[in-house]
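Trainee: what follows is a protein structure lacking sequence information:
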């Protein structure tokens, strides 16, 4: 267990170290490059705000109305077959569709159950190891005007589901114990 | 798509809250939501800017070539009939490298260019080629080395160890990615056998 804590703390530092080292060796203006990226990042975050505001409010409303709980209970038998926590069902169902919605849902889950709780950790892992499959597939296929993407959606969604199961498994194996 | 989801979410919560009588807390949740949205964006502001800055250093040093170099054998194994010196190949490899580094903003343009170039070689324009199917599916899987967004959200919620999830994320992404490739390859070869 100590190795995992050690590793998760050192991984980012090693990455940073190598990056800066390469910059210095190649005589680049490292700080100037950093600033350039930051300015671009600023624009991305500001452009995200409207979507976040809209979706966080709507997710919060859904949650407080009690309908999320109601629906989670309805579909929990299917998820419990795969030993998936029913609290995660809104996250799992929305994950393939929209990144900002699931960011809102995941943040909500972590607040509600605790960021370092079982639910919080599995939700984090699901967010990190799956993508917005339906969204990505439709962006790419509409670019080349191909309408039939059934096969991509089927395989992509199966893969997402595998991601959910392996995230639960990662918790059981103790890969993210605090 | 998002338009429908948003309107549906709001309408259904209001209807449901009136039925079960939870409308008071739904009303106050609007104001809670505003606050959370601002705090989430502030959290992401620091993290997104920081990582974009760092990744910009990576992009402008030979480190990116090193990562490309590591990615190349995988591309050669997975994609058939792709010329190593073609523009398409470069776009595929830049797309995968950007995805690894979590640079969505540079991954998508390269990726779109790559599928367009694949489309040019496609004989039946209404059907995806094997390479296109595989490439789009690779983009629907998460292969990010450092899950920065989720780590910064965890930081903002006062986690005892925000980055503890890294190993689990790698484990889960790796298995998911490999099984997706296997399923895809299996599907494509069974399709070929049929025709």
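Mentor: Perfect, I can see it now. Everything quoted here is computed from the prediction, not taken from an experiment. Numbers count the residues shown, from 1 in each chain, chains lettered A, B, ... in the order given.

Trainee: number of nearby residues for whichever residue of chain B sits closest to chain A?
Mentor: Residue nearest to chain A within chain B (C-beta to the nearest C-beta): residue B:56, separated by 2.9 Å. Where C-beta positions appear, they are placed from N, C-alpha and C, glycine not excepted. Applying other C-beta atoms under 10 Å in any protein chain shown, we find 24 residues neighbouring residue B:56.

Trainee: for residue B:121, same thing?
Mentor: Residues near residue B:121, counting by other C-beta under 10 Å: 13.

Trainee: contacting residues for it?
Mentor: Applying C-beta atoms under 8 Å, 6 or more residues apart in numbering or on different chains to residue B:121 gives the contacts residue B:129.

Trainee: still on that earlier bit, any idea which element the closest residue to the residue of chain B closest to chain A other than its chain neighbours lies in?
Mentor: Leaving aside its chain neighbours, residue B:56 sits nearest to residue A:37 (2.9 Å; criterion: C-beta to C-beta, 6 or more residues apart in numbering or on different chains). Residue A:37 is part of helix A:30-65, with elements assigned from DSSP states H and E.

Trainee: who are the packing partners of that helix?
Mentor: helix A:2-25, helix A:99-113, helix B:2-20, helix B:23-59 (3 or more C-beta pairs under 8 Å, 6 or more residues apart in numbering or on different chains; DSSP states H and E).

Trainee: quick one on the thing from earlier: tell me the contacts of the residue of chain B closest to chain A?
Mentor: By C-beta under 8 Å, 6+ apart, the neighbours of residue B:56 are A:33, A:34, A:36, A:37, A:40.

Trainee: apply 7 Å and report the result again.
Mentor: When contacts are counted by C-beta atoms under 7 Å, 6 or more residues apart in numbering or on different chains, residue B:56 touches A:33, A:34, A:36, A:37.

Trainee: which one of those residues sits in the busiest neighbourhood?
Mentor: residue A:37 (23 neighbours).

Trainee: thought residue B:53 was touching that residue, still the case?
Mentor: Yes - between residue A:37 and residue B:53 there is a contact at 3.8 Å, judged by C-beta atoms under 7 Å.

Trainee: where in the chain is pLDDT low?
Mentor: Let's take chain A. A:1 (pLDDT under 70).

Trainee: try again with chain B
Mentor: Looking at chain B by pLDDT under 70, you get B:1.

Trainee: dead centre of it: give me the residue that sits there.
Mentor: residue B:142 (5.0 Å; C-alpha atoms, centre = their mean).

Trainee: phi, psi of it?
Mentor: With angles defined as degrees, to the nearest 10, residue B:142 sits at phi -100, psi 120.

Trainee: tell me how far it lies from residue A:128.
Mentor: 7 Å (C-beta to C-beta, to the nearest Å).

Trainee: what sits against residue A:52?
Mentor: A:100, B:37, B:40, B:41.

Trainee: residue B:38 - how many residues pack around it?
Mentor: Count around residue B:38 with other C-beta under 10 Å applied: 14.

Trainee: to clarify, my last question referred to residue A:107.
Mentor: Residue A:107, neighbours per other C-beta under 10 Å, totals 27.

Trainee: surely it meets residue B:40?
Mentor: Yes - Residue A:107 lies in contact with residue B:40 (C-beta under 7 Å); the separation is 6.1 Å.

Trainee: ok, residues contacting stretch A:99-111?
Mentor: Identification of contacts with stretch A:99-111 by C-beta under 7 Å, 6+ apart yields A:48, A:51-52, A:55-56, A:59-60, A:63, A:87, A:90-91, A:94-95, A:119-120, A:123, A:127, A:132, B:5, B:36, B:40, B:153, B:157.
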